[in-house]
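Colleague: would you be able to build a 3D model of this:
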Amino acid sequence: MITIVDYGDICIERVAESLKKITDDFRVSKKESNICNSDKIVLAGCGSAVTVMRKIQLLNLYSVLRVVKKPILGIGLGMQLMSDYSKEGNFPCLGFFPGTAVQFDQSVDESLYKGMHNISYCRTSMLFNGIDDETEFYFNNSFYLPKSELSTSTYFDKNICCASIENKSAYAVQFHPEMSGEAGLKLLQNFIEM
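Modeller: Presented below is the predicted three-dimensional model:
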């Protein structure tokens, strides 16, 4: 059973609709017991990291999510939430990945890092099995995690911007597979089948 953690973000419904095309074995829940009894967990989002982290704390899920030992996938804002720290609001996050989420340079045209963009692999990842290098995915973010040794792909400024990352059983993508067509569905299927 996969649990999409429900903290009220609009992307959660879109991710659920995409998962329905692949499996019925999932639920959307904010209950600690459901999260703990899941085989896999999804953190999806496209709103404010400050707002979502506050909701996670109000739902008493912060400690559970930090210590859970299950495969977990962060999508969009979920990647920022899984980092150590975020400059958006200047607060600590869940700590799955070292590094600080930082804001894109506001003097740069946002179309350069939002919308459909190619990713470039820098490490092999099971998450991308059957997906070609330089495949396009949909991005919609103002903050990003800088490239690190845990990054599996990059985009925009390929020396700086992490598009995907993994650390043991924790995976995250800066883009939105639920809005990226067949490649996005394939990525979600790869996560489910791990």
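Colleague: rest of the way, CA atoms for contacts and neighbours
Modeller: Fine.
Colleague: pull up the pairing partners for the helix or strand bottoming out on mean pLDDT in the chain, direction included.
Modeller: When the helices and strands of the chain are compared on mean pLDDT, DSSP states H and E, strand 91-92 comes out lowest with a mean of 87. Counting by DSSP bridges, the strands paired with strand 91-92 are strand 83-86 (antiparallel).
Colleague: chain center to the partner strand, what's the gap?
Modeller: Taking CA atoms, centre = their mean, to the nearest Å, one finds the center of strand 83-86 at 13 Å from the center of the full chain.
Colleague: output that strand as PDB, nothing but the C-alphas.
Modeller: Output in PDB follows, covering the C-alpha atoms of strand 83-86 (Å, rounded to 0.1, in the frame of the first residue of the first chain):
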ATOM      1  CA  SER A  83      16.100  18.700   2.300                       C
ATOM      2  CA  ASP A  84      17.900  19.700   5.500                       C
ATOM      3  CA  TYR A  85      16.900  23.300   5.400                       C
ATOM      4  CA  SER A  86      14.900  25.800   3.300                       C
END
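Colleague: quick one: contacts of stretch 155-169?
Modeller: Contacting residues not belonging to stretch 155-169 are listed as 69-72, 96-97, 112-113, 117-120, 144-148, 150-154, 171-175 [CA atoms under 8 Å, 6 or more residues apart in numbering].
Colleague: give me the buried subset of the residues you listed.
Modeller: Buried by 16 or more other CA atoms under 10 Å: 70-72, 96-97, 113, 117-120, 144-148, 150-154, 171-175, out of the contacts of stretch 155-169.
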